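In: Got a predicted structure here, sequence first:
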Amino acid sequence: MARSVWKGPFVDAYVLKKAEATRESGRNEVIKIWSRRSTILPQFVGLTFGVYNGQKHIPVLVTEDMIGQKFGEYSPTRTYYGHAADKKAKRK
Amino acid sequence: MSDTRVIVGSIAGAFGVRGEVRLKSFCADPAAIADYTPLYTDRGDRSFATIVVTGQTKNALTARIDGIVSKEDADALKGTNLFAERECLPSLPDDEFYHADLIGLTVVDTGGAELGTVRAVQNHGATDLLEIHSPGARASVLLPFTRAAVPTVDLASGRIIADPPDGLFE
């Protein structure tokens, strides 16, 4: 069942605080968070979060199309490597 | 096997009794494996000039490969990895790189200090991530593959110059 609209998106308070502090300082750093359940808000765009996957913090650079998703969606708890073959990486 | 070859698939066994094979493709677009011919075996002692993809089966493609005409031929090659020449892969625009080219490159910071080597390239839905293994480190570090964090990729000299965010290599 979907979350009621009147409640607004859920974000852990410490995530908001850390993001605000980093944005004000203007420093280029990874914001380490453990809250995989928090929603990605528009004010997080451009920041890099280190989202904990139970083992380590996975860097997640937030872009506009990620708004409304949860942080945990970008930090999988299992990793499959596979073969490189013809797979490509794009520098953004 | 030559260092200039990249693994693109493997033969999973025979398909039917008329010499077709089940082909596992490791390519981003599985059917693209047929575009990278000739393909070579692990030891490079055998090559296949043409591959025609005939269909799809569970977890694999079905294909007809030149030189394989019977079920026995196909079964004999079960488990064989197939490699393509690196030059057969199409050239890419700026800021796009093959994983095969990035893996193994040395990563140095802007001061010239070595940070490690690229072990893998991952993508979990956000940006691509370079998995960097530092000598002597217990765990590897994931570096976002962005222009800000990775200003220079020099494939010719086998080096990546990185400007990692604070606290990443601690």
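Out: Right, received. Where do you want to start? Residues are numbered from 1 along each chain as shown, chains lettered A, B, ... in the order given.

In: List phi and psi for residue 34.
Out: With no chain named, the answer covers chain A. Main-chain torsions, A:Trp34, degrees, to the nearest 10: phi -110, psi -10.

In: let's do chain B instead
Out: Dihedral angles of B:Ala34 (phi, psi; degrees, to the nearest 10) stand at phi -70, psi -20.

In: Please save the CA atoms from stretch B:135-155 in CSV.
Out: Provided in CSV are the C-alpha atoms of stretch B:135-155 (Å, rounded to 0.1, in the frame of the first residue of the first chain):
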residue,chain,number,x,y,z
PRO,B,135,48.2,-2.7,-2.3
GLY,B,136,48.1,-3.7,1.3
ALA,B,137,44.5,-2.5,1.8
ARG,B,138,42.0,-4.9,3.3
ALA,B,139,39.0,-3.7,1.2
SER,B,140,38.7,-2.0,-2.2
VAL,B,141,37.4,1.5,-2.6
LEU,B,142,34.7,2.6,-5.0
LEU,B,143,35.4,5.8,-6.8
PRO,B,144,32.5,7.6,-8.8
PHE,B,145,33.5,7.7,-12.5
THR,B,146,32.7,11.4,-12.9
ARG,B,147,34.7,14.3,-14.5
ALA,B,148,35.2,15.8,-11.1
ALA,B,149,36.5,12.7,-9.4
VAL,B,150,38.4,11.3,-12.5
PRO,B,151,39.6,14.3,-14.5
THR,B,152,42.0,12.3,-16.7
VAL,B,153,42.0,8.8,-18.2
ASP,B,154,45.2,8.1,-20.1
LEU,B,155,44.8,4.8,-21.8
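
In: for the spatially most central residue of chain A, what are its contacts?
Out: Nearest to the mean C-alpha position of chain A, by Cα atoms, centre = their mean, lies A:Phe71 at 4.0 Å. By Cβ atoms under 8 Å, 6 or more residues apart in numbering or on different chains, A:Phe71 lies in contact with A:Val15, A:Ile33, A:Ser35, A:Arg36, A:Arg37, A:Ser38, A:Ile40, A:Phe49, A:Val51, A:Val60. From N, CA and C alone the C-beta is placed, and that goes for glycine too.

In: separation between it and B:Ala14?
Out: As judged by Cβ to Cβ, to the nearest Å, A:Phe71 and B:Ala14 stand 47 Å apart.

In: Likewise for A:Arg37?
Out: Here A:Arg37 is placed at a distance of 49 Å from B:Ala14 (Cβ to Cβ).
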